[in-house]
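S.K.: Have a look at this prediction, sequence included:
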Amino acid sequence: MSVLQPVRGTHDLLPDEARRHRLVEEIAFDVARRYGFGEIITPIFEFTEVFSRNLGETTDVVSKEMYSFTDRSGEGLTLRPEGTAGVARAFISGGLSQHLPLKLFYRGPMFRYERPQKGRLRQFHQLGVELLGVEGSQADVEVIALAAHILEALGLKDNVRLELNSLGDAASRANYRDALVAYLSGRKDQLSKDSLERMERNPLRVLDSKDESDRQVVADAPLMQDYLNDESRRFFDEVQNGLAAAGVPVTLNSRLVRGLDYYCHTAFEFTTTALGAQGTVLAGGRYDGLIGQMGGPATPGIGWAAGIERLSMLFAGEAPVVRPLVLIPMGTADAAVGLAQRLRHAGFTVETGYSGNMKKRLARANKVNARAAIILGEEEWARQAVAVRDLDSGEQEEVPLAALEDRLSRFR
RNA sequence: GCGGGUGUAGCUCAGUUGGUUAGAGCGCCAGGUUGUGGUCCUGGAUGUCGUCGGUUCGAACCCGAUCACUCGCCCCA
């Protein structure tokens, strides 16, 4: 351990990267607002049970990836590994069932103890949405259309593919699970050791295996869609029709499974091939049972989350930087301070150098991509004027102080 | 948690079969202009060669451990 290194799997977002990160967030939130979503900010840690009881005891996230600790009063707390459970908890704590349907947007750090890789960190950032209180498939359609819209706004439309599946309701899922286990049990000798474990913990995961032999077994396995009951079947059809109407292209993937237990019906992922082993950029699904299971009023919900670092790596756009004006005092330091404040209060972005002769100060102005330099020479100052130099054209003129804001307005 | 690769200036990277003061480009600083930038010229500073230990007369180079990054598995955003 070297104290001068960031903790494994954590990263500093240095100014250039921080700007991209914030821009991605803002683009996403801007689109979400158009769909009526408002921001919710919940704590980054919760009582451990908020996650351990609701994500599923056997899931990887709960069984081996949580940053859990005991605080000074002996409470078991956990740094949030995902956003939905905390939002659901806040929904209940805050009595928000009075405000359904509810559309929430969130963003912020998440924590999972995993082996870091490209696009996979121990502290990473997600943005996501939750739509609570709508039973019908319009909610699924709107939330997925919003996701597609955000990815499009980020210029990623051609880099991602939407994969969709239905996990059915609880009854359908249980039936299917039994059928799948029965099928797999007859072929244990052909399954990888990972998949034999999956059969015990979460049989649906076997469908997702990358092992060649597993894939051959899975190719002939029973399909979820054949086990959907009428209700689930109809719901899935509605979602597909709605997405078609919204103009969102879909790839059906009957092997798409979600990692957390609370999902039902709609499950989806936007995937890319540009991030190595980390193909998922944005993923989510419906979780009708979660809030009731947590002890709140039975409330359906659907949502998704996206990894901001992953989005940021794919995002080609440049975060705009305001071009400042640079003030250059020549033996007029106090006057420069006063003028800088005057211009900042008038809404200009003003930088002042801290040392050096004019040559150095102009060179630095260049480096910060300044639009213009305002030179406070003693002679001009005596005439109540300054020299204004356009750093793009090189043109320079003397401007009376009284007219300064006016003359500078074109450099805004 | 498992397996592979990598680790030399702020950045991108050279560094011959182990041999003495470890290099380049970019960037940075200074000067060429005691009130004028972006180009150009000149000069300068870079560094526990990831860390610790071992082999050797001698290690950036060989060996071991460790840390970090990276690729894949697991899993996921």
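M.R.: Right, received. Where do you want to start? In this text, all values refer to a predicted model and were calculated from it rather than measured experimentally.

S.K.: For stretch A:270-288, measure first residue to last.
M.R.: 21 Å (C-alpha to C-alpha, to the nearest Å).

S.K.: Look up the closest residue to the residue of chain A found nearest RNA strand B, ignoring the ones flanking it.
M.R.: Ranked by C-beta to the nearest atom of the strand, the top residue of chain A for proximity to RNA strand B is residue A:259, at 1.6 Å. No exception for glycine: its C-beta is placed from N, CA and C like everyone else's. In this structure, residue A:259 finds its nearest non-sequential neighbour in residue A:59, 5.9 Å apart by C-beta to C-beta, 6 or more residues apart in numbering.

S.K.: show me what contacts the one you found?
M.R.: Residue A:59 sits next to A:202, A:259-261 when contact means C-beta atoms under 8 Å, 6 or more residues apart in numbering.

S.K.: and the gap between it and residue A:51?
M.R.: In this view, residue A:59 and residue A:51 are 10 Å apart by C-beta to C-beta, to the nearest Å.

S.K.: and the stretch 301-412 of chain A, which residues reach RNA strand B?
M.R.: A:305-307, A:309-310, A:330, A:356-360, A:362-363, A:365-367, A:375, A:377-380, A:387, A:389, A:391-394, A:396 (C-beta under 7 Å from any atom of the strand).

S.K.: Quickly list the domain ranges of chain A.
M.R.: A:15-169+A:229-314, A:325-411 (automatic domain parsing).

S.K.: Just name the most buried of those.
M.R.: domain A:15-169+A:229-314 (a mean of 18; mean count of other C-beta atoms under 10 Å).

S.K.: hang on, isn't residue A:310 packed against residue A:281?
M.R.: Yes. Look at residue A:310 against residue A:281 with C-beta atoms under 8 Å: they come within range, at 5.2 Å.

S.K.: low-confidence ranges in the stretch 51-200 of chain A?
M.R.: Scanning the stretch 51-200 of chain A for pLDDT under 70 picks out nothing.

S.K.: Flag every residue of it that's near RNA strand B.
M.R.: Neighbours of RNA strand B within the stretch 51-200 of chain A, by C-beta under 7 Å from any atom of the strand: A:59-61, A:65, A:82, A:112, A:114-121, A:124, A:126, A:194, A:198.

S.K.: Got the confidence number for the residue of chain A closest to RNA strand B?
M.R.: According to the prediction, residue A:259 has pLDDT 73.

S.K.: And the helices in the stretch 151-300 of chain A, which stretches?
M.R.: Secondary structure of the stretch 151-300 of chain A (DSSP state H, counting those that start in this stretch): helices at A:170-185, A:193-201, A:212-219, A:230-246, A:290-293.

S.K.: send the alpha carbons of the third one over as PDB?
M.R.: Listed next in PDB are the C-alpha coordinates belonging to helix A:212-219 (Å, rounded to 0.1, in the frame of the first residue of the first chain):
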ATOM      1  CA  GLU A 212     -18.400 -23.300 -25.400                       C
ATOM      2  CA  SER A 213     -19.800 -26.500 -24.100                       C
ATOM      3  CA  ASP A 214     -22.400 -24.700 -22.000                       C
ATOM      4  CA  ARG A 215     -23.500 -22.800 -25.000                       C
ATOM      5  CA  GLN A 216     -24.200 -26.000 -26.900                       C
ATOM      6  CA  VAL A 217     -26.300 -27.300 -24.000                       C
ATOM      7  CA  VAL A 218     -28.100 -24.000 -23.800                       C
ATOM      8  CA  ALA A 219     -28.800 -24.000 -27.500                       C
END
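
S.K.: Tell me if it is near RNA strand B.
M.R.: No. Judged by C-beta under 7 Å from any atom of the strand, helix A:212-219 stays clear of RNA strand B, getting no closer than 8.0 Å.

S.K.: That helix to helix A:170-185, inter-axis angle?
M.R.: 130 degrees (axes from the mean of the first three to the mean of the last three C-alpha atoms, to 10 degrees).

S.K.: hmm, back to that, for the contacts of residue A:59, work out which two are farthest apart.
M.R.: Pairwise distances across the contacts of residue A:59 (C-beta to C-beta) peak at 10.1 Å, for the pair A:202 and A:260.
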